[in-house]
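> sequence first, then the predicted structure:
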Amino acid sequence: MNWLNSQPRIRVTELAVSLPVAFIEEGTTVIAYTPSLDLSTCGQNKTEAKKMFEEAVQIFFDDLVESNTVDEVLSGLGWKKDLKQASWVPPVVSQESIGVKVPALA
């Protein structure tokens with residue numbers, strides 16, 4: 001029996017989601033980070049960081065499918081399974097500035 005033919009076939013469909021991404025400039029590097037996947041990558045500029053981010057997300061999901069851990073990992077990251085749509089919904093992430101007092105060094 002051929003090994004490839006004996007492996008279970010996984011039916012994969014594409015899911016389009018919109019992820020919040022923070023771009024953080026650190027020296028000459030731009031970091032792209034999403035709390036929805038606790039995933040970050042970087043590039044020399046925002047365009048490159050975005051490209052690297054898209055690639056990292058693709059690899060992340062490919063690995064989840066390959067290791068059959070989609071449910072476990074996404075639910076652990078706060079994603080909810082939408083049974084009606086047969087898809088996953090990322091957690092709602094909001095951002096705001098909060099004023100705090102910190103010690104000032106003289």
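Ah, there it is. Numbers count the residues shown, from 1 in each chain.
> for the spatially most central residue of the chain, give me its contacts.
Geometric centre of the chain, nearest residue: Leu37, 3.4 Å, by C-alpha atoms, centre = their mean. With contact set as C-beta atoms under 8 Å, 6 or more residues apart in numbering, Leu37 has these partners: Leu19, Val57, Phe60, Leu77, Pro90. Where C-beta positions appear, they are placed from N, C-alpha and C, glycine not excepted.
> please pick the buried ones from these.
Among the contacts of Leu37, the ones that count as buried by 16 or more other C-beta atoms under 10 Å are Val57, Pro90.
> would CSV of the contacts of Leu37 with pLDDT be doable?
Putting those into CSV (pLDDT from 0 to 100) gives the following:
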residue, pLDDT
Leu19, 95
Val57, 97
Phe60, 97
Leu77, 97
Pro90, 93
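> nearest to Lys51 among the contacts of Leu37?
Taking C-beta to C-beta as the measure, Lys51 lies nearest Val57 of these, at 11.1 Å.
> tell me the buried residues in stretch 79-89?
By neighbour count on 16+ other C-beta under 10 Å, the buried set for stretch 79-89 is Trp79, Trp88.
> what mean pLDDT does that stretch get?
Within the predicted structure, the mean pLDDT of stretch 79-89 is 89.
> show the end-to-end separation of it, please.
This stretch, stretch 79-89, spans 6 Å end to end (C-alpha to C-alpha, to the nearest Å).
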